[in-house]
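S.K.: need a structure here:
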Amino acid sequence: MTTTQLGSAKAVDVALVRPVGARVDRRVMLTHLAASVLLQSTLTAVSFILPVVAKKQFGAGDFQTTLITAAPNIMAIFSIFWSAVFARLAVGRYIALYWVVGLLPLALVSFATAYWHVAVLAVISAVGNAGWTPVAGDLLKRLYPDVSRGAIYGVLIAAVQGFGALAAWGVGAWLHESADAFRLYMPLAAAAQGVGCIILYRLERSTRLEGHETVEGTMMSGARSISLRGLLAPVLHMRQILREDRVFARYEAAFMTYGVGWMTCAALVPLIVTEKLGLPYDRTMESTHMAFLLASLVCTIPAGRLIDRLGAPRTCMWAFGLYAIYPLGLLVSGGPLTLGASSLLYGMSAAAVNMGWMLGPVALAPTPAKVPQYIAIHTTLVGLRGAVFMFAGVGMYKVTGSFTLPLVVAALAFCWASWQMRSLSGLLRERAAAKVLG
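M.R.: Numbering: from 1, shown residues only. Below is the predicted model:
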């Protein structure tokens, strides 16, 4: 094989579909960045600490705490239905609906007087937040060229994480001073998110994306009737797509295995910081969410450039392998310093995985119109693994009385997922080489 042929094969493996796009409009990117910060930085800060608030302020048990921890992941299963709604509403109306269902309920937590109030509102909000990824993926596909989408997405995520770290520090410090601080910062976060929705709406108007393309390829600028049959159609199509698109199916299989590890760790962290380490709110945020966000902030932009060069499968292969160390770090953590070190490693790994999580389905979708559906399928499968593995991890802990078994299982799952991505990456290179050779 010649050097030119090798280069061509690599290009196919990296981008899968990589037409040369137009130059990126800096004003568009900055507007997109501002909206993303207002929406996502505030959401991650208030959502991460909510299970700890439920446990400390409302006496939630271990499985009750896990219910709130798991809700955003389990309810991601509704993303496939949100993609059907997205295909039938103008983007502006869709964004407004997303705020009402996904973000406003968290503001109402400020009025909670019992655990079940918090749990119900958290679940409703999680159902609504499953609607974020279809519009987020659609905008990424339409606003930015394929050749630089990874780097741009890295900048967006880095900004979200940087401001998210500041928000997490503020929330932790505020709760340390006043245990009822959530009654004030929750409504403030919802107000900031409302501003973010307005900015996002103005962005899609200024870029003339209000007439977004549906999965079926038709154009619509306004609302369209939403029937039960129309909402169920993506579920029926999901199995067909996974059966016919074997590359996408194998990509999702690797992420399913990765999810065993990630969901187990995510479910156990609130229990580790409260039952094993007994950390106060400020130390909890500093040694977990803040440390994670800061490490991810430093690594996100390099990860975006890495995915532009290597492609999603190879990037995730290395990231999943590094991830295997994280649960072992949690296992040996004896205080905020060692827990913080584990969280830094978590952030480094997650920076690359986050790139593959969003950009893999975006690149694998055969047409721009299919991107929201592929993203929705990807997000829906998050819900399936969250419903099983978060509670399975806590169940292993409750049965054994130790964090050892679930965290070792998590480490093994990360290793297996890395091997799956390695196998998929090899398959893609072979196909690309065969295509170049004719």
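S.K.: alpha carbons only for contacts and neighbour counts from here, please
M.R.: OK.
S.K.: distance check, L279 against T338.
M.R.: Relative to T338, L279 is positioned 13 Å away (Cα to Cα, to the nearest Å).
S.K.: so what does the host helix or strand of H32 touch, helix or strand wise?
M.R.: Element membership of H32 [criterion: DSSP states H and E] is helix 26-36. Judged by 3 or more Cα pairs under 8 Å, 6 or more residues apart in numbering; DSSP states H and E, helix 26-36 is in contact with helix 149-177, helix 182-206.
S.K.: could you check the angle helix 26-36 makes with the shortest one?
M.R.: The directions of helix 182-206 and helix 26-36 differ by 150 degrees, with axes from the mean of the first three to the mean of the last three Cα atoms, to 10 degrees as the criterion.
S.K.: also the longest one?
M.R.: Taking the same axes, to 10 degrees, one finds that helix 149-177 is oriented at 30 degrees with respect to helix 26-36.
S.K.: off-centre distance for helix 149-177?
M.R.: Chain-centre distance of helix 149-177: 14 Å, with Cα atoms, centre = their mean, to the nearest Å.
S.K.: now that helix: average pLDDT?
M.R.: The predicted model gives helix 149-177 an average pLDDT of 85.
S.K.: how about stretch 365-377?
M.R.: Confidence for stretch 365-377, expressed as mean pLDDT, is 79.
S.K.: list the buried residues in that stretch.
M.R.: For stretch 365-377, burial by neighbour count (16 or more other Cα atoms under 10 Å) applies to 365, 368-377.
S.K.: turn the residues you listed into CSV, including distance to A291.
M.R.: Conversion of the buried residues of stretch 365-377 to CSV gives the following (distance: Cα to Cα, whole Å):
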residue, distance to A291
A365, 34
P368, 36
A369, 37
K370, 36
V371, 32
P372, 32
Q373, 33
Y374, 31
I375, 28
A376, 29
I377, 30
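S.K.: what sits against V46?
M.R.: V46 sits next to 168, 171, 186, 189 when contact means Cα atoms under 8 Å, 6 or more residues apart in numbering.
S.K.: count the neighbours of A119 for me.
M.R.: Under the neighbour criterion other Cα atoms under 10 Å, A119 is assigned a count of 23.
S.K.: please, which helix or strand holds it?
M.R.: Under the criterion DSSP H and E, the helix or strand holding A119 is helix 115-129.
S.K.: so which of the helices and strands packed on helix 26-36 is the most surrounded?
M.R.: helix 149-177 (a mean of 22; mean count of other Cα atoms under 10 Å).
S.K.: just checking, which helix or strand of the protein averages the lowest pLDDT?
M.R.: Sorting the helices and strands of the chain by mean pLDDT, DSSP states H and E puts helix 3-15 at the bottom, at a mean of 38.
S.K.: tell me which strands and helices the longest helix seen in the chain is in contact with?
M.R.: When the chain is scanned for its longest helix (criterion: DSSP state H), the result is helix 404-437. Other elements packing on helix 404-437 under the criterion 3+ Cα pairs under 8 Å, 6+ apart are helix 3-15, helix 246-271, helix 312-323, helix 325-332, helix 371-400.
S.K.: closest to L140 out of the ones you listed?
M.R.: With distances scored as Cα to Cα, the stretch of the helices and strands packed on helix 404-437 nearest to L140 is helix 371-400 (9.6 Å).
S.K.: one step back: C-terminal to the helix holding H32, what's the next element?
M.R.: Counting by DSSP H and E, the next helix or strand C-terminal to helix 26-36 is helix 42-58.
S.K.: for A179, grab phi and psi.
M.R.: Note on A179: its backbone torsions stand at phi -70, psi -20 [degrees, to the nearest 10].
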